[in-house]
Structures are given as C-alpha cells and as structure tokens.
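A.B. asks: Sequence below, structure please.
(chains A and B, ligands or ions: 3)
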Amino acid sequence: MTATARRAGPVLPTARGPLSHGVVHALRTARAPDPALWRRTADAEPYGDDLHLSLYVLYELHYRGFAGVGGDREWDPALLTLRRALEDRFLTALRLDVPGPRTPAEVFAELLTEPADPSGSVSHHLRRRGDLDHFRQYAALRSLYHLKEADPHAWVLPRLHGQAKAAMAAIEYDEFGAGRADQVHARLFADLMADLGLDTSYGRYLDLAPAQMLAVVDLMSLLGLHRDLRGALVGHFAWVEVTSSPASRHLAAGLRRVGAGRAAQHFYDEHVEADAVHEQVVRHQVVDGLLADEPALSADVAFGADATTFLEDRLSSHLLAAWRDGRSALRC
Amino acid sequence: MQNADEYAESPQPRRITVERDGPMVVEGPVEVVTEDGTVAVSRRFAVAVCTCRRSAAYPWCDTSHRARPPRSRGRGEDRGR
Ligand code: FES
Ligand SMILES: [Fe+2]
Ligand SMILES: [Fe+2]
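C.D. replies: Residues are numbered from 1 along each chain as shown, chains lettered A, B, ... in the order given. Ligands and ions are numbered 1, 2, ... in the order given. Prediction:
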C-alpha cells in the first residue's frame, strides 16, 4: 500500500440493501441521508447484512473514515440519528435473544470450562482439519477486528476509575505493543496476514465479510461508544480475554501443521501467553474493580459477555457450515 | 540505618496473586529459572506463572489448567483476543 492510499483511507463498500445504500450514498455525495431512511430501520433484519453494513460504515467514521469522506461526517447529526435507530434495533434484538439476567460469576464459570464437545469450535476445527485456504479466509474475516485490535475498548477508559481503570489501561498498553510500534497487536496481525499472502490494507476485506462477522465488530463499537453500556463493554472485553488463550493455542498448532510462516504462528503464540495474563487481570481487577465501584452494573457485565457468545456462535456456525459444504465463508 | 528519604525510595514489595487451580500472577518483568537451569524471561507488566505443570509454554500459563467438564455445555468458544 502506498503512503497516499494509507492517508486517503479505505474505499466505501458496496451497499447490501436500502439502508446501507442510503448511508453509502450520503457519504459519497457529501449530502444528508434521506430522512425517510430511519423509518425503514424498524423492520430491518437485526442481524442482517443491510443493517450491519450500515452500522459498520457509520462506526468506521470514528476509527479511520473512508477515502473522499469528510472527517466532519463523524458528528453529522442526521447520520447519528440514523445510527441511533439502527443501534436500537440491534440492541433490542440482543436483549431478547441473550439469556438473562445472569451474574458475571455464572457466565465466566461457563467460559472458563473447556468444552467437552468441541464440535462447534472453529479453532478446534482449524487445528485438526483446516487447510491453508481456510486459515486465509479466517484471517481475512478476523482482520475487520484485528487490524484495529483493542481500539474499541480504549473508549471505555474515561468511564472507569481506580482499580478498573488502572488494570484496563495496563492490558491496553500490552495490546498496543507496550510502547513499541512493531509489537502492536494490530501490527502483529498484519504480519500474519502478509505471511498468509493476504492484503494488509485496512478495510480491504469489508466487502467480503458476511453479516455474522460485521455483527461481532459492530457489537464492540456499539459498547465502546456508549458510556451507558460501559458494563457490557467490560463484560465483552473479559469474554475476549478469557476465551482467547485456548483458542490461540489451537490456531497456532493448526498454522504449524499447515506450514504457515513464523509471523503467522507468532500472532497466536503471543496471544496464548498474553491472554493467559490478561484473563487474570481482566477478571480480578477490571471486572471486580468496576463492580466494587458500581455493583448495579453486574447484569450488564454478564450481558456483554453473553451477547458476545451469542454473536460469536452465529459466526462459528456460518464458518463451519460453509467449510462442511466445501464453500468459501467469504461473500463473493 | 535508613533515613526517611531512602525508605521512600525503597521498592514496593512485589505483589504475587495466587489463584486456586490457576497460575500465580507476578508483577513483571520476571525471570524464572527451572530445575534444569533454563532461564525464561517475560517483560510483560504482569506474568502468569504456571503452577499446574500442564502448560505447553511452561513456565508460563497457557490456560491448560482449566477444568474439563464431564458433559458438553453445548456452547461455542473461540475467536477473541
Ligand atoms: S497454571 Fe495455567 S497452565 Fe498451568
Ligand atoms: Fe491482543
Ligand atoms: Fe489480550
């Protein structure tokens, strides 16, 4: 990628329905979105392509934006009004579909037990049966998050205090390379992608990502951007850290088996070790610290973790079904 | 004899957090010398030292200590970081 392309930002994606068409059109033409659009959100499929691509594009204005789109669109009131309606649709569906109310203790006790039957697990599948092409598809999809790894979670820092803030900042410092640019986890993921022969340009695989992947990333952005959802953001982040180390162990073993390069193995090896630590710190200091300050957020912490399980399970089903049928998990 | 200034500059005791059936979390950086004299170094802000001896990344914890249930939970895991 050239320096100019990096400065210009990624290109706007192709629309997947009326909502995303309206959003992309408004950004491309530098005009306000059609005011009738937000009324169409009421019957949009809450986990579908159209809603999630719309949200993804609107959230991306808070990260790196898009080539040819003015930076001030981030705080365009008309776009924010539309985003709010899309978020309500998504969040309302999640609140109905996710079990609850539960306690963080219940949720994490479950997550801390290795599944006896790993048949629904993508990392187990890749470890034993993944080929190089499966790993490429997996990395292309996961790049939507990993190329901005830990960014959505940084938004929670001003909303935490004392022990929770100190511990969250320590974990984020590790995610951001502990002061070294070549150790930033997003950079390690770009190195993995290069090793697998993928294009490391930010946003390159957005058009190929199905709704199940977009929803996973939209959840992080949603929770990160709303102070009111800080408990759920912490629960979501704890979910990530608790599940990452064992999954990374499987993925590293699978990558070694298929003969992937050192950088590819290194990303997951680093996460085996780092996230075994992050798990301890996030549970005992971030979650417990937050709940000592704000005990009323207990159900929200559990919800953030359970919503992540729900969306990640949908993504796993999609990936495993595609590969079982010999299809690509990417959109074509 | 220590004067007050020296006392103020003396390092904080290093905290080690022990978890039942899990690793010891030690404030980093940490050097671990194992029986055979191998030295492992981790410069992380905190380090999880394996106490169960099942880790494939010994002396660091790799979460191999986690319990395996008798039956399936029927829930996925995965992905993350
Ligand atoms: S204590 Fe975690 S693997 Fe041994
Ligand atoms: Fe990471
Ligand atoms: Fe982590």
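
A.B. asks: CA only for contacts and neighbour counts going forward, please
C.D. replies: Fine.

A.B. asks: Could you check which residue of chain A lies nearest ligand 3?
C.D. replies: Using Cα to the ion, the single residue of chain A nearest to ligand 3 is A:Asp275, 4.6 Å away.

A.B. asks: I'd like to know if the helix or strand where that residue lies reaches ligand 2 anywhere along the stretch.
C.D. replies: Using DSSP states H and E, A:Asp275 maps to helix A:262-281. No. On the criterion Cα under 5 Å from the ion, helix A:262-281 is out of touch with ligand 2, staying 6.1 Å away.

A.B. asks: before we move on, what SS does the residue positioned nearest the centre of chain B have?
C.D. replies: Geometric centre of chain B, nearest residue: B:Ala48, 1.6 Å, by Cα atoms, centre = their mean. Here B:Ala48 is strand, with the state taken from DSSP: H, G, I helix; E, B strand; the rest coil.

A.B. asks: For the residue nearest to it when sequence neighbours are not counted, name its beta-bridge partners.
C.D. replies: Nearest non-adjacent residue to B:Ala48, counting by Cα to Cα, 6 or more residues apart in numbering or on different chains: B:Val25, 4.5 Å away. Listed by DSSP bridges, the beta-bridge partners for B:Val25 are B:Thr17, B:Ala48.

A.B. asks: Would you agree B:Val25 is in contact with B:Ala46?
C.D. replies: Yes. If you go by Cα atoms under 8 Å, B:Val25 and B:Ala46 touch, sitting 6.5 Å apart.

A.B. asks: Send over the helix holding A:Asp275 as CSV, restricted to the C-alpha atoms.
C.D. replies: Taking C-alpha atoms only, helix A:262-281 is exported to CSV below (Å, rounded to 0.1, in the frame of the first residue of the first chain):
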residue,chain,number,x,y,z
ARG,A,262,6.7,-17.6,11.6
ALA,A,263,4.8,-14.4,11.7
ALA,A,264,1.5,-16.2,11.4
GLN,A,265,2.4,-18.6,14.2
HIS,A,266,3.8,-15.7,16.3
PHE,A,267,0.5,-13.8,16.4
TYR,A,268,-1.3,-16.7,18.1
ASP,A,269,1.7,-17.8,20.2
GLU,A,270,1.8,-14.3,21.6
HIS,A,271,-1.9,-14.4,22.4
VAL,A,272,-1.6,-17.8,24.2
GLU,A,273,0.8,-16.2,26.7
ALA,A,274,-0.5,-12.6,26.8
ASP,A,275,-4.1,-13.5,27.2
ALA,A,276,-3.4,-16.1,30.0
VAL,A,277,-2.3,-13.0,31.9
HIS,A,278,-5.0,-10.6,30.5
GLU,A,279,-7.6,-13.1,31.6
GLN,A,280,-6.5,-12.9,35.2
VAL,A,281,-6.1,-9.2,35.2
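
A.B. asks: How about residues contacting that helix?
C.D. replies: Here helix A:262-281 makes contact (Cα atoms under 8 Å, 6 or more residues apart in numbering or on different chains) with A:167, A:171, A:185, A:188-189, A:191-193, A:195-196, A:238, A:241-242, A:244-246, A:248-249, A:251-252, A:255-256, B:25, B:46-48, B:57, B:60-63, B:81.

A.B. asks: Neighbours of the residue nearest to B:Ala48, how many?
C.D. replies: B:Val25 is flanked by 22 other residues according to other Cα atoms under 10 Å in any protein chain shown.

A.B. asks: what's the spacing between it and ligand 1?
C.D. replies: 10 Å (Cα to the nearest ligand atom, to the nearest Å).

A.B. asks: And the contacts of helix A:262-281, which of them are buried?
C.D. replies: Using 16 or more other Cα atoms under 10 Å in any protein chain shown as the burial test, the contacts of helix A:262-281 include A:167, A:171, A:185, A:188-189, A:191-193, A:195-196, A:238, A:241-242, A:244-246, A:248-249, A:251-252, A:255, B:25, B:46-48, B:57, B:60-63, B:81 as buried.

A.B. asks: among these, which are in strands?
C.D. replies: B:Val25, B:Ala46, B:Val47, B:Ala48 (DSSP state E).

A.B. asks: Report the contact partners of the last one.
C.D. replies: Going back to what we said before, that points to B:Ala48. A:Ala276, A:Val277, B:Pro23, B:Met24, B:Val25, B:Val26, B:Trp60, B:Cys61.

A.B. asks: Now do the contacts for the residue lying closest to A:Gly197 once chain neighbours are set aside.
C.D. replies: Ranked by Cα to Cα, 6+ apart and with sequence neighbours excluded, the top spatial neighbour of A:Gly197 is A:Arg136, at 8.0 Å. A:Arg136 makes contact with A:Met193, A:Leu196, A:Gly197, A:Leu198 under the criterion Cα under 8 Å, 6+ apart.

A.B. asks: Now do the phi/psi pair for A:Arg136.
C.D. replies: Here is the backbone geometry of A:Arg136 (degrees, to the nearest 10): phi -60, psi -40.

A.B. asks: now do B:Val41
C.D. replies: Reported as degrees, to the nearest 10, the phi and psi values for B:Val41 are phi -120, psi 140.

A.B. asks: ok, and the residue nearest to it when sequence neighbours are not counted, which helix or strand is that part of?
C.D. replies: Take B:Val41 and drop its neighbours on the chain: the residue closest to it by Cα to Cα, 6+ apart is B:Glu31, 4.5 Å away. Using DSSP H and E, B:Glu31 maps to strand B:30-33.

A.B. asks: and that strand, which residues are buried?
C.D. replies: In strand B:30-33, counting by 16+ other Cα under 10 Å, buried: B:Val30.
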